[in-house]
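# Sequence and predicted structure are below.
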Amino acid sequence: MGYTHYWVDRPKTLENYESLCADVDKIGGYCSRVGIALAGYDRGKYRKGAPLHYSRFIAFNGIGKDAHEPFSMPKDYDESNDSLSVFCKTARKPYDLAVCLVLLRMAEIVPGFTFESDGDPDSEPEWLTAKQAYEEIFG
């Protein structure tokens, strides 16, 4: 069973995308420092050491047994494209921290972006850890 995060509202184009990508790099660096390995998207596969973002999308996953469903967020969202994810099941794998951090950052800097989660952000251990890490990274 997956532990799932859902994007409830998101603008068609993510404002502040370049800033968000810089923040994704900070999140990736933080995860690396605390021992969470992330696989970025490279030529159709998730690979260790690959970038976590590109000019048109952010995409990453855990590695090996710590992988589940990839987090994927395009810069431009087309509602007619059924293949675009509007959720990410992390199954509470370690990379869930990176997913939570990106969602928290998007909610702060992307106008109109909101999300929900299976976990309670005010009491769930994964969310409490993410909020503490968020303060460490972004103040």
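Yep, it's here. Numbers count the residues shown, from 1 in each chain.
# what's near enough to touch the residue sitting nearest the centre point of the chain?
The centroid of the chain falls nearest to Val99 when counting by CA atoms, centre = their mean (3.1 Å). Counting by CB atoms under 8 Å, 6 or more residues apart in numbering, Val99 makes contact with His5, Phe71, Cys88, Thr90. All C-beta spots, glycine's among them, are computed from the backbone N, C-alpha and C.
# I'd guessed Thr13 sits against Asp76; true?
Yes. Between Thr13 and Asp76 a contact is recorded at 5.1 Å, counting by CB atoms under 8 Å.
# so which of the contacts of Val99 comes closest to Gly49?
Distance to Gly49 across those (CB to CB) is lowest for Phe71, with 17.0 Å.
# Surely that closest one is in contact with Val102?
Yes. Using CB under 8 Å, Phe71 is in contact with Val102, at 6.7 Å.
# what touches both of these two?
Residues touching both Phe71 and Val102 by CB under 8 Å, 6+ apart: Ile58.
# The helix or strand harbouring Cys88 - which strands sit beside it in the sheet, and in what orientation?
Per DSSP states H and E, Cys88 falls inside strand 87-89. Counting by DSSP bridges, the strands paired with strand 87-89 are strand 4-9 (antiparallel).
# contact partners of the partner strand?
Outside strand 4-9, the residues that reach it (CB under 8 Å, 6+ apart) are 73, 86-90, 99-100, 103, 112-118.
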